[in-house]
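Novice: show me the folded form of this:
(one chain, ligands or ions: 1)
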Amino acid sequence: MNSLCSSEHSSLSDEYPAGTKTAYATSQKFQDSPLYLYKNVPKDYTLTGLSALYRHGTRYPSSSKIQKWATLIYSIQTNATEDLPECLEDWIPQMDVDLAWLLNDVGWAELKGLAMRFKSLNPEIFNNRRYSVKSSFKARCVSSARGFIAGLHPEDHSDFSTDMDHVDATERSVTYLETEIEINNRLLRFFDSCRRHVDWEESPRCEKESRKFIAGGHVSSIRKEIARMLGLKYITNRQVADLHQLVVFETALFGKSELKELFKTEDAFEILEYVSDLKHYYKTGYGYALNYRSATPLLDDMVGLIRDMVKNPDAKPRADLYFGHAETAVPLMALLGLFDGAPLTADSFVLARHRRFRCTKIAPFAANISFLLYKKNPGTDEDAAGPDLVLQIAVNEHLVNIPGQHHTVDVHVALEYFEKKIKSWSQHECELNKTPNQEL
Ligand SMILES: O=P(O)(O)O[C@H]1[C@H](OP(=O)(O)O)[C@@H](OP(=O)(O)O)[C@H](O)[C@@H](O)[C@H]1OP(=O)(O)O
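Specialist: As a prediction, the model looks like this:
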């Protein structure tokens, strides 16, 4: 029996990079630990405002992917000429098509954990229920909002198995643990109503670089190795990419995948991770200006709390919470100029090994971007004085800098930066008759 997949000899960790299919706990291993936001609460300040967007937690894949993988593995099982390793010979589907797209228990726990940590910054906000919740209508997002609310109120009974959503929301709001979840697709799925963006993301141009990279030499080298190991006369680069997606989804959902050993090296995982980054660079990121400019209405809404607090610094502390997708979070990060760098192309993998735009780090399952507004405590020694209100931005609970600024800034500096972005946007940019201008 071919012992290829025997994990006891495995040198491969289960915490490898998997782009937007990376479980949140794994993504935390790729963060810059000194910037952990809980280690960077400004001295003599207290959180007075939180405006935060959360991508849904770890979810099941589409039903078409689940079916595609079953067909692919069956094809390998019947066409391999070498002794098949046990993990392939004995492989059976672990994902029920009835759960396609839905949050799984890992995803629920991710959001519960986030809620408990964010609540620790100022429990009063949440114990007094001074927070709002808005979500995409997709079941995975509403379930994620419920998981977060369950984490805010551990005193209330909650249970993933009975409380998760199996269908997308059809009402304007959902109530859970006495909290209203407003369904707001205009903000959380802005990409659906931006006609010119829909045209772009459905055009072959949008996936040109990711397709070219899949067809290229890096993926071909992985394909040849797998074909040799299994004695496969015929397997395509695209099928290798699909096999990789199966492995990363099994790892995110179940903690590991017996098929992981087919890819043998960290290098192979980094090569296939790049496919996800190329997809998102052009579909939601810097590759096309409208991708991120269309996130402006969401930014405007998230900044509302900050405007209110600047107008009335003595207002009671509160939070605005938003639940969306990777296609919500990545554009918002790009709109703020976060993780920008040299363009990503199919030919630049070797140059881009340490790229800033890396979905494993910035857009895993349960990815989040938070605006943290801190107010100086009364009676603080004037000699140690700082601004009355300071703002920090965190991505996945680690501080990031507004371009050109320190990671903690006077709220007026942050507000000026946000307002400039907001004022330059017009919803007319989404109209089809606009010339598709990259540099809008
Ligand atoms: O590769 P799949 O089909 O899973 O892509 C999904 C998106 O997942 P992602 O590429 O971001 O990992 C999914 O985003 P999510 O944040 O909701 O998981 C998106 O909603 C879905 O439409 C698929 O995107 P696609 O670009 O339409 O393939």
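Novice: what about the helices in the stretch 101-250 of the chain?
Specialist: Secondary structure of the stretch 101-250 of the chain (DSSP state H, counting those that start in this stretch): helices located at 105-119, 123-127, 139-152, 160-163, 185-188, 195-201, 208-215, 217-230, 237-254.
Novice: can I get those in JSON lines including distance to the ligand, mean pLDDT and mean neighbour count?
Specialist: Every C-beta, even on glycine, is put in place using the N, C-alpha and C of the backbone. Listed next are the helices of the stretch 101-250 of the chain as JSON lines, based on distance: least, C-beta to the nearest ligand atom, whole Å; pLDDT from 0 to 100; neighbours: other C-beta atoms under 10 Å:
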{"stretch": "helix 105-119", "distance to the ligand": "10", "mean pLDDT": "98", "mean neighbour count": "22"}
{"stretch": "helix 123-127", "distance to the ligand": "25", "mean pLDDT": "98", "mean neighbour count": "16"}
{"stretch": "helix 139-152", "distance to the ligand": "6", "mean pLDDT": "98", "mean neighbour count": "26"}
{"stretch": "helix 160-163", "distance to the ligand": "18", "mean pLDDT": "97", "mean neighbour count": "12"}
{"stretch": "helix 185-188", "distance to the ligand": "10", "mean pLDDT": "98", "mean neighbour count": "19"}
{"stretch": "helix 195-201", "distance to the ligand": "7", "mean pLDDT": "93", "mean neighbour count": "17"}
{"stretch": "helix 208-215", "distance to the ligand": "10", "mean pLDDT": "97", "mean neighbour count": "19"}
{"stretch": "helix 217-230", "distance to the ligand": "16", "mean pLDDT": "95", "mean neighbour count": "17"}
{"stretch": "helix 237-254", "distance to the ligand": "7", "mean pLDDT": "97", "mean neighbour count": "21"}
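Novice: between the ones you listed, which one is nearest to residue 375?
Specialist: Evaluated with C-beta to C-beta, the helices of the stretch 101-250 of the chain place helix 123-127 nearest to residue 375, the distance being 12.2 Å.
Novice: about what we covered before: can you redo the helices of the stretch 101-250 of the chain as JSON lines with distance to residue 408?
Specialist: Shown next, in JSON lines, are the helices of the stretch 101-250 of the chain (distance: least, C-beta to C-beta, whole Å):
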{"stretch": "helix 105-119", "distance to residue 408": "17"}
{"stretch": "helix 123-127", "distance to residue 408": "20"}
{"stretch": "helix 139-152", "distance to residue 408": "25"}
{"stretch": "helix 160-163", "distance to residue 408": "36"}
{"stretch": "helix 185-188", "distance to residue 408": "27"}
{"stretch": "helix 195-201", "distance to residue 408": "33"}
{"stretch": "helix 208-215", "distance to residue 408": "36"}
{"stretch": "helix 217-230", "distance to residue 408": "40"}
{"stretch": "helix 237-254", "distance to residue 408": "33"}
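Novice: which of these sits closest to residue 87?
Specialist: helix 237-254 (10.4 Å).
Novice: same for the following helix or strand past that closest one, what does it pack against?
Specialist: Downstream of helix 237-254, the first helix or strand assigned by DSSP states H and E is helix 266-283. Applying 3 or more C-beta pairs under 8 Å, 6 or more residues apart in numbering; DSSP states H and E, we find helix 266-283 packed against helix 208-215, helix 217-230, helix 237-254, helix 326-335, helix 359-362.
Novice: right, and the helix or strand after helix 266-283?
Specialist: helix 289-293.
Novice: elements contacting that following helix?
Specialist: With contacts taken as 3+ C-beta pairs under 8 Å, 6+ apart, helix 289-293 sits against helix 195-201, helix 326-335.
Novice: ok, residues contacting the first one?
Specialist: Taking C-beta atoms under 8 Å, 6 or more residues apart in numbering as the criterion, the residues outside helix 195-201 that touch it are 191-192, 206, 283, 288, 290-291, 294, 429-432, 434, 436.
Novice: and with 7 Å instead?
Specialist: For helix 195-201, the surrounding residues in contact (C-beta atoms under 7 Å, 6 or more residues apart in numbering) are 191, 206, 283, 288, 290, 291, 294, 430, 431, 432, 434, 436.
Novice: and it, how far out from the chain middle?
Specialist: Helix 195-201 has its C-alpha centroid displaced from the chain centroid by 21 Å (C-alpha atoms, centre = their mean, to the nearest Å).
Novice: for residue 374, which three-state class applies?
Specialist: Recorded secondary structure, residue 374: strand (DSSP: H, G, I helix; E, B strand; the rest coil).
Novice: any buried residues in stretch 414-423, and which?
Specialist: Neighbour-count burial for stretch 414-423 flags 414, 415, 417, 418, 421 (criterion: 16 or more other C-beta atoms under 10 Å).
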